[in-house]
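1. whatever this is, show me its structure:
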Amino acid sequence: MTSVLLKCLVLALCISAHRLLAVPRVEEDDGSDDSASTLAFVFDVTGSMYDDLKQVIEGASRILEKTLSRRTRPIKNFVLVPFHDPDIGPVSITTDPQKFQQDLQELFVQGGGDCPEMSIGAIKKALEVSLPGSFIYVFTDARAKDYRLKRDVLQLVQLRQSQVVFVLTGDCGDRSQPGYRAYEEIAATSSGQIFHLDKQQVNEVLKWVEETVQALKVHLLSSNHDSAQENKWEVPFDPSLREVTVSLSGPAPQIELSDPFGHVVGEEQGLKELLNIPNSARVVNLKFPRPGAWKLKVSCSGRHTLRVTGVSNLDFRAGFSSVPVSEFNHTRQRPIKGLPAHVLLKCTGLKPPGQLSHAELMSGSGRSLRTIPVPLPSDLGQQGLWSLPEFRTPSQSFFIKVTGKDKEGYRFQRLSSVSYTNIVPGKTTSPLRHISKTTLPCFSHLINLSYDL
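-> All right, here's what the predicted structure looks like:
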């Protein structure tokens, strides 16, 4: 009888695992096109934020004017999430830019007191109501009190593939606290950054936001470093890149960009400075860069983050499964710990004879953890679907970088917009997770299995 029960248990586990891995990706049907996103402001309305609010109200009109004037409009709706310990909201969601500005103007800063604020819960709310692939900006002068919600936010970031940028005019004076470290982890996972500013410098960051809220935004390089150092990178710029932005956040930031001929580019060659705060951040932009292998040298005198992004129609999305699949909606956003991983890459803007050559799993510091060759599909990539052979995912979080050549033979690389972490089966501590139960009859017994989605 024991052996029979054991066989039933194994059978139940197998069926449960199969069902878990076959849960299809839920594609949001909101009537929007793939490039439609949300612009969300998460704003601390404690009394010390009065000067920040005035600048945000003034800057918002410029941001809206700029984004709405673009031929391809990146923004479908606008979200405003005010927070003030212990309250979050009321949340404003609108498709009307004038209503968004009005909601900003009606914010009322008040009170204050203890420095940590309920910021992580407000970010969570913004992610929950925003469209996938959105732009979320957090304005505060305090670290988080509710940092225990960090895990929920990280899962939402991976689900929504949205970017979270922090504009901080204070941090309660201790950046080793978990309430500040939560900001760092959210920014790193979402390919966002943290900008430390004086109160009067908020307007400078908003000028940068004007330029970066774009449709067809792609990621080329991401790295995070805990100490002062100089790093050099080679990044291929392909002809589809209409512009490239290099953003470095950290003390004493220095950026040097050299073209494929080895010449350092400056203002005369079209390099535009979008942001320059000497002890906090520097952001530069170049329109229509010459195709080829560019060199990037950056340095900071302390902890820093680097992001290199572009505007291009050539990009990819990654979906995970435990067995090979041929349809992207049969994949999920994250791999499962302890099980073999297969990745289906959904590419846009890449047609034969252009092709992918290999994918790399990248650490948060930009180091390659593993290289995986990408086989040529039977249709030569005509449908834009490329499958990676089975592999085991690392225990740490990782980005996916793909490299290939376009139809003209130019090399390109793209990076996933978020980093990935493994789902741990059976772990149900997070309120974001849903528990499904499989009940199988096994003679006179019922076996109930729970697994984590």
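2. can you give me the end-to-end span of stretch 287-304?
-> End-to-end distance for stretch 287-304, by CA to CA, to the nearest Å: 25 Å.
3. need the strands for the stretch 1-150 of the chain, in chain order.
-> 37-44, 75-84, 87-88, 92-94, 135-140 (DSSP state E, counting those that start in this stretch).
4. I'd like the ones you listed laid out as JSON lines, including distance to residue 357, mean pLDDT and mean neighbour count.
-> C-beta coordinates here come from the backbone N, C-alpha and C atoms, glycine included. Shown next, in JSON lines, are these (distance: least, CB to CB, whole Å; pLDDT from 0 to 100; neighbours: other CB atoms under 10 Å):
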{"stretch": "strand 37-44", "distance to residue 357": "30", "mean pLDDT": "93", "mean neighbour count": "26"}
{"stretch": "strand 75-84", "distance to residue 357": "35", "mean pLDDT": "93", "mean neighbour count": "23"}
{"stretch": "strand 87-88", "distance to residue 357": "46", "mean pLDDT": "90", "mean neighbour count": "17"}
{"stretch": "strand 92-94", "distance to residue 357": "42", "mean pLDDT": "96", "mean neighbour count": "17"}
{"stretch": "strand 135-140", "distance to residue 357": "31", "mean pLDDT": "93", "mean neighbour count": "25"}
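5. distance to residue 363 added to those, as a markdown table?
-> Below are the strands of the stretch 1-150 of the chain laid out as a markdown table (distance: least, CB to CB, whole Å):
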| stretch | distance to residue 363 |
| --- | --- |
| strand 37-44 | 27 |
| strand 75-84 | 31 |
| strand 87-88 | 33 |
| strand 92-94 | 36 |
| strand 135-140 | 24 |
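6. dump the residue contacts of residue 300.
-> 225, 228, 229, 248, 250, 251, 252, 253, 254 (CB atoms under 8 Å, 6 or more residues apart in numbering).
7. tally of neighbours for the closest residue to it other than its chain neighbours?
-> Counting by CB to CB, 6 or more residues apart in numbering, residue 300 lies nearest to residue 250, which is 3.5 Å off, once chain neighbours are set aside. Neighbour count of residue 250, defined by other CB atoms under 10 Å: 25.
8. and residue 268, by the same measure?
-> 6.
9. before we move on, which element is residue 183 in?
-> Using DSSP states H and E, residue 183 falls within helix 178-189.
10. related to what we said a few turns ago, I figured the residue nearest to residue 300 hits residue 281, correct?
-> Yes. The criterion here is CB atoms under 8 Å, and residue 250 meets it with residue 281 at 7.5 Å.
11. what touches both of the two?
-> Common neighbours of residue 250 and residue 281, counting by CB under 8 Å, 6+ apart, are absent.
12. and residue 140, bridged to which residues?
-> Beta-bridge partners for residue 140, by DSSP bridges, are residue 168.
13. from residue 157, how far off is it?
-> 18 Å (CB to CB, to the nearest Å).
14. still on that earlier bit, give the buried residues for the helix holding residue 183.
-> Buried residues in helix 178-189, counted by 16 or more other CB atoms under 10 Å: 179, 180, 182, 183, 184, 185, 186, 187, 188, 189.
15. let's have those in JSON lines, adding pLDDT and distance to residue 74.
-> Output for these, formatted as JSON lines (pLDDT from 0 to 100; distance: CB to CB, whole Å):
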{"residue": "179", "pLDDT": "94", "distance to residue 74": "31"}
{"residue": "180", "pLDDT": "94", "distance to residue 74": "30"}
{"residue": "182", "pLDDT": "96", "distance to residue 74": "28"}
{"residue": "183", "pLDDT": "97", "distance to residue 74": "25"}
{"residue": "184", "pLDDT": "95", "distance to residue 74": "26"}
{"residue": "185", "pLDDT": "96", "distance to residue 74": "26"}
{"residue": "186", "pLDDT": "97", "distance to residue 74": "22"}
{"residue": "187", "pLDDT": "96", "distance to residue 74": "20"}
{"residue": "188", "pLDDT": "95", "distance to residue 74": "23"}
{"residue": "189", "pLDDT": "96", "distance to residue 74": "21"}
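16. below-threshold pLDDT in the protein: ranges please.
-> 1-35, 112-114, 427-453 (pLDDT under 70).
17. the residue nearest to residue 173 when sequence neighbours are not counted and residue 402: what is the separation?
-> In space, and not counting its chain neighbours, residue 173 is closest to residue 115: 7.8 Å by CB to CB, 6+ apart. Distance from residue 115 to residue 402, counting by CB to CB: 42 Å.
18. so the two - more neighbours on which side?
-> Using other CB under 10 Å, the more surrounded residue of residue 115 and residue 402 is residue 402, with 25 against 18.
19. following the helix or strand containing the more buried one, which helix or strand comes up?
-> Using DSSP H and E, residue 402 sits in strand 399-405. The first helix or strand that comes after strand 399-405 along the chain, using DSSP H and E, is strand 411-415.
20. I'd say residue 335 and residue 425 touch.
-> No. Look at residue 335 against residue 425 with CB under 8 Å: they stay out of range, at 11.4 Å.
21. what about the two, which has more around it?
-> More neighbours surround residue 335 than the other of residue 335 and residue 425, with 24 against 17 (other CB under 10 Å).
22. contacts only, for the more buried one.
-> Counting by CB under 8 Å, 6+ apart, residue 335 has contacts 320, 341, 393, 420, 422, 423.
23. again, only using 6 Å
-> 320, 341, 393, 422 (CB atoms under 6 Å, 6 or more residues apart in numbering).
24. number of nearby residues for the third one?
-> Residue 393 is surrounded by 23 other residues when neighbours are defined as other CB under 10 Å.
25. buried residues, stretch 191-198. List them.
-> Using 16+ other CB under 10 Å as the test for burial, stretch 191-198 gives 191, 192, 193, 194, 195, 196, 197.
26. sorry, wrong one. I was asking about stretch 60-72.
-> Quick answer for stretch 60-72 (16+ other CB under 10 Å): 60, 63, 64, 67.
27. residues in contact with it?
-> Contacts for stretch 60-72 (CB under 6 Å, 6+ apart): 75, 97, 101, 104, 209, 210, 213, 215.
28. pull that stretch out as CSV, backbone CA atoms only.
-> Only the C-alpha atoms of stretch 60-72 are listed here, as CSV (Å, rounded to 0.1, in the frame of the first residue of the first chain):
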residue,chain,number,x,y,z
ALA,A,60,5.1,68.4,-15.9
SER,A,61,3.7,70.8,-18.5
ARG,A,62,6.9,70.7,-20.4
ILE,A,63,7.1,66.9,-20.2
LEU,A,64,3.5,66.5,-21.4
GLU,A,65,4.0,69.0,-24.2
LYS,A,66,7.2,67.2,-25.4
THR,A,67,5.7,63.7,-25.2
LEU,A,68,2.4,64.6,-26.9
SER,A,69,4.2,66.4,-29.7
ARG,A,70,6.1,63.3,-30.8
ARG,A,71,5.0,61.5,-33.9
THR,A,72,4.8,58.2,-32.0
